[in-house]
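Asker: Pasting a predicted model and its sequence here:
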Amino acid sequence: MTHHDLVVIGGGPAGYAAALYGAAAGLDIALVERHKIGGTCLNVGCIPAKELLETAAMFRMVGHAEQFGITTTAPVVDFSVSQKRKQGIIDNLVGGLSGLLKRRKVTVYDGNGSLGSDRTVTVAGGSSGEVTLTGTNVLLATGSTPRTLPGFDIDGARVMTSDEFLSIADVPKSAAIIGGGAIGCEFASLLTDLKCDVTLLEYLPRLVAGADADCSKVLERSFSKRGMNVKCGVAVTGHEVVDANTSRVSFGDGESVDVELILMCIGRRPVTDGLGLDATAVSTDERGFISVDIDLRTSEPGVFAAGDVIDTAQLAHIGFAEGMQVIKSIIGESAMPVAYDRVPWCIYSHPEIAFAGMTEAEATEAGFDIVVDKHRFASNGRAMIIGETEGLVKVIAEKNEHGHGGRILGVHMVGPWVTEQLGQGYLAVNWEATVDEVAAFIQPHPTLSETFGETVLALTGRGLH
């Protein structure tokens, strides 16, 4: 039996962030991972998805090269090359992360970790053999796995989740994507760029329901202009095999579509199977998420949980923040809880969506007296130069005594590279900065970020344009 200051079960963003941050603080850390270091994000999530999206973006860019006076032949996709490049990036990042854990003297165990009484962790089923560990503290960070609907059994051929889709050998001719959230919209955009006939089915009234309605409208309009069949407010009722290459998906009021591929993007469920929670005081809610308090402590003394296994936003950067929060609590530092209502969200579709803070509807429902302004990229010089003028920036602010903008409550963007522009908006929301304070900063010219600056400046009552 080996003792550590902290035993982490799960090597995804929350787990490895806690391990690295804790080791840097001088703690003796053990990290137990049953698959691959980096978890879903690095291996079958954020990183591979964005690499394939970049392949789609490059294909789209070459296809529009003539607008810049560049003559090319029609581009052809060799998806095997993209997949090889994707795997190379993953392997490089996994190798770098593994090396960093080793240099920080984190002891990594390969196998399934299960929690027993008195913070005992049993490791089995991997190359590390059967090992028993004890920890002064234990962190449960076992992540999540894709959900599916009844009757849609995942076979990796006709019906897939993101796990299988990210390793496809060829682009399908047609696809039905079930779910219009972040993952569904990214894959729908990717496939449409690669000339796949896409039908996007969303149960809620609009795409990316967590984003501001104006951003959702821009995205849906853009998708439709590019030839995507977008259906919101419809329930998917089932599917049947038509022939060797075709399935028929039924939805709405007797509607259906025949496709080569069905891609399930309806969210993810927490992974707690095999954790042995029944032998502990750790409790879960009705959806299977581990219950924690504001400090991420479970009902079992000395046991924390973080990342996708708890009911918070399933974003890698949330896992990073939660992992570090746990370490600060363990070493006795002031650990400020994550402000989940202000976290940055990024969706890498074309056009991209990025936001932080309240939507206009949320601010109104919360009782704020607000002022709102928005500027479109159509009048931005840099957007014109790169040929990407679709989209807007919208800022929601609390109204001050002069009727202008006061404290910034929310920043919402849709358009070119907005995922790279959100940083200053996120800082403004989290620092509770006022419109006047942010407007005093200079935006470099010509840049896409000037649109954010123009929007904030307009809220002062003295906009330039």
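Answerer: That came in fine, so what should we check first? As the structure is a computational prediction, the values presented were derived from the model and not from experiment. Numbering: from 1, shown residues only.
Asker: How far away from the center of its chain is stretch 31-50?
Answerer: 13 Å (CA atoms, centre = their mean, to the nearest Å).
Asker: Give me the buried positions along that stretch.
Answerer: Neighbour counts over stretch 31-50 (16 or more other CB atoms under 10 Å) mark 31-50 as buried. Heads up, the C-betas are built off the backbone N, CA and C, glycines and all.
Asker: got it, and stretch 282-297?
Answerer: 282, 284, 289-290, 292, 296-297.
Asker: show me where the stretch 151-300 of the chain has strands.
Answerer: Taking DSSP state E, counting those that start in this stretch as the criterion, the stretch 151-300 of the chain carries its strands at 159-160, 174-178, 197-202, 229-232, 236-243, 246-251, 255-259, 261-264, 268-270.
Asker: Which among these is found nearest to residue 185?
Answerer: Smallest distance to residue 185 across the strands of the stretch 151-300 of the chain (CB to CB): 7.5 Å, for strand 197-202.
Asker: can you pull out the strands in the stretch 351-465 of the chain?
Answerer: 352-357, 370-376, 392-399, 405-415.
Asker: can you put these in TSV and add distance to residue 134?
Answerer: As requested, those are exported to TSV (distance: least, CB to CB, whole Å):
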stretch	distance to residue 134
strand 352-357	40
strand 370-376	53
strand 392-399	50
strand 405-415	46
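Asker: With mean neighbour count as extra columns, can I get those strands in TSV?
Answerer: Compiled in TSV, the strands of the stretch 351-465 of the chain are given as follows (neighbours: other CB atoms under 10 Å):
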stretch	mean neighbour count
strand 352-357	26
strand 370-376	19
strand 392-399	24
strand 405-415	26
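Asker: Let me have those strands in a markdown table, adding distance to residue 278 and mean pLDDT as columns.
Answerer: Listed next are the strands of the stretch 351-465 of the chain as a markdown table, based on distance: least, CB to CB, whole Å; pLDDT from 0 to 100:
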| stretch | distance to residue 278 | mean pLDDT |
| --- | --- | --- |
| strand 352-357 | 39 | 98 |
| strand 370-376 | 48 | 98 |
| strand 392-399 | 46 | 98 |
| strand 405-415 | 42 | 98 |
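Asker: need the longest helix for the protein.
Answerer: helix 79-103 (DSSP state H).
Asker: what's the following helix or strand after that helix?
Answerer: strand 107-110 (DSSP states H and E).
Asker: So what touches the helix or strand that that following strand is followed by?
Answerer: Counting by DSSP H and E, the next helix or strand C-terminal to strand 107-110 is strand 112-115. Strand 112-115 has contacts (CB atoms under 8 Å, 6 or more residues apart in numbering) with 7, 9-10, 32, 34, 121-126, 138, 140, 274-277, 279-280, 282, 300, 303.
Asker: For ChimeraX, write a command that selects the buried ones of these.
Answerer: Of the contacts of strand 112-115, the buried ones go into a single ChimeraX selection, burial set by 16+ other CB under 10 Å:
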select :7,9,10,32,34,121,122,123,124,126,138,140,275,276,277,280,282,300,303
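Asker: With respect to residue 415, which of the buried residues of stretch 282-297 is nearest?
Answerer: Proximity of these to residue 415 (CB to CB) peaks at residue 289, which lies at 33.9 Å.
Asker: That closest one touches residue 310, doesn't it?
Answerer: Yes: counting by CB atoms under 8 Å, residue 289 does reach residue 310; the two are 5.5 Å apart.
Asker: mind listing the helices for the stretch 251-400 of the chain?
Answerer: All helices of the stretch 251-400 of the chain, identified by DSSP state H, counting those that start in this stretch, fall at 316-330, 360-365, 381-386.
Asker: Of the ones you listed, give the one that comes closest to residue 85.
Answerer: Of those, the one closest to residue 85 (CB to CB) turns out to be helix 316-330, at 20.8 Å.
Asker: quick one: that closest one to chain centroid distance?
Answerer: 17 Å.
Asker: any idea of the mean pLDDT for that helix?
Answerer: Average pLDDT, helix 316-330: 98.
Asker: what's next to it, contact-wise?
Answerer: Under the contact criterion CB under 8 Å, 6+ apart, helix 316-330 has outside partners 5-6, 12-19, 21-22, 25, 27, 41, 45-46, 137, 139, 141, 295-297, 304, 306-308, 310, 312, 334-338, 340, 343-344.
Asker: Mind checking which of the residues you listed are in strands?
Answerer: Counting by DSSP state E, those place 5-6, 137, 139, 304 in strands.
Asker: For residue 431, state which of those residues is nearest.
Answerer: Using CB to CB, residue 304 comes nearest to residue 431 of those, at 27.6 Å.
Asker: Any idea how many residues pack against that closest one?
Answerer: Residue 304 has 29 neighbours, counted by other CB atoms under 10 Å.
Asker: Does anything pack onto the longest helix of the chain? Which helices or strands?
Answerer: In terms of contacts (3 or more CB pairs under 8 Å, 6 or more residues apart in numbering; DSSP states H and E), helix 79-103 is packed against helix 13-24, helix 39-44, helix 46-63, strand 107-110.
Asker: among those, which is the most enclosed?
Answerer: Compared across those, helix 13-24 shows the largest average neighbour count, a mean of 26 (mean count of other CB atoms under 10 Å).
Asker: Perfect, that will be all.
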